[in-house]
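In: Sequence and predicted structure below; questions after.
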Amino acid sequence: MKQKCTLLILVFSMLLSANSLAKEPDWSAYANILSKYVQPGVKNGVALMVVDYQAMKADPLFKKAIDRIEAFSPQQLTDKNEKLAFYINMYNIYAIKMVADHLPLKSIKDVGSFFSPVWKKNIGRIEGEAISLDEIEHAILRKMGEPRIHMAIVCASVSCPDLRNEPYTAARIQEQLDDQANTFLHNPGKGIKIKGNELFISKIFDWFEEDFEAMGGVKSFVLKYRKTLNPSVRMDSYLIYDWNLNSN
């Protein structure tokens, strides 16, 4: 009888574990296309992860990745790490789709106009409701109080943080976000460039300055990942933002 009870407890624990692991979509299709079509390269003198949008568009796995994220109900997400991973992946998948749907393009911004910017165009669905990149970023992700999202969501441009060649997952999201921030802030073409006695940082830190207050402000955030910088250095000069596609 004791052995039977032990077995039942073990089975129940396994079921609970399986349910907890099921709180994010199946990322396998997305993982496959990222590993195949996102590779290290150089564009406009900047080292970056280059995205082959044309090949992605032609791969049936790309549609499968979109179908899986749209079929998943985010109401299942109860943990902050699950939500961060889900919505960062969603943003990046839809940014890729925005480009792929409108090829050939020089810049993702060319999809829109001054009066109808690309960020506000509907590109996907959550729970059957149309959604835009703007809504995912500003109405969902920024409200989560995690400034490292700005090192992870990718606007398909040279000066954006690199598109990671693996999906974000709830189990590894904190490690992945730290790695993204560290990589971005050590890339002189994207995050920080030191020229003589001057230091230039990404315009991201200007556009979203208020978000970094959660980590003590922009300077504190930067010094966390660039510990050898002089703490008294000024951080009010910015790199020119290159909106050209992060593709060859």
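Out: Received, thanks.

In: CA only for contacts and neighbour counts going forward, please
Out: Fine.

In: Do you have the strands of the protein handy? List them.
Out: 38-43, 46-51, 122-126, 129-132, 192-195, 198-201 (DSSP state E).

In: Tell me which strands the second one pairs with, and in which orientation.
Out: The reference is to strand 46-51. On the basis of DSSP bridges, the sheet neighbours of strand 46-51 come out as strand 38-43 (antiparallel).

In: Which residues does the partner strand contact?
Out: Strand 38-43 has contacts (C-alpha atoms under 8 Å, 6 or more residues apart in numbering) with 47-52, 158, 163-165, 246-248.

In: neighbours around the nearest residue to Ile93 once chain neighbours are set aside, how many?
Out: Nearest non-adjacent residue to Ile93, counting by C-alpha to C-alpha, 6 or more residues apart in numbering: Ile66, 7.1 Å away. Ile66 has 19 neighbours, counted by other C-alpha atoms under 10 Å.

In: ok so, going back, return the most buried member of the strands of the chain.
Out: Mean neighbour count (mean count of other C-alpha atoms under 10 Å) peaks for strand 46-51 among those, with a mean of 21.

In: Let me know the average pLDDT across it.
Out: Average pLDDT, strand 46-51: 98.

In: So what touches that strand?
Out: Here strand 46-51 has contacts from 37-42, 158, 162-164, 187, 189-190, 246-248, using C-alpha under 8 Å, 6+ apart.

In: So what's the gap between it and the chain middle?
Out: 15 Å (C-alpha atoms, centre = their mean, to the nearest Å).

In: Output that strand in CSV with nothing but the alpha carbons.
Out: The C-alpha trace of strand 46-51 is given here as CSV (Å, rounded to 0.1, in the frame of the first residue of the first chain):
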residue,chain,number,x,y,z
VAL,A,46,29.0,47.3,-37.3
ALA,A,47,29.4,43.8,-36.0
LEU,A,48,26.0,42.3,-35.5
MET,A,49,23.8,39.2,-35.8
VAL,A,50,22.7,39.3,-39.5
VAL,A,51,19.1,38.1,-40.3
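
In: ok, and the helix or strand in this protein with the lowest average confidence?
Out: Ranked by mean pLDDT, DSSP states H and E, the weakest helix or strand in the chain is helix 2-21, scoring a mean of 45.

In: Just put the strands of the chain in JSON lines and tack on distance to Phe62.
Out: JSON lines is the format used below for these (distance: least, C-alpha to C-alpha, whole Å):
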{"stretch": "strand 38-43", "distance to Phe62": "13"}
{"stretch": "strand 46-51", "distance to Phe62": "13"}
{"stretch": "strand 122-126", "distance to Phe62": "14"}
{"stretch": "strand 129-132", "distance to Phe62": "19"}
{"stretch": "strand 192-195", "distance to Phe62": "33"}
{"stretch": "strand 198-201", "distance to Phe62": "34"}
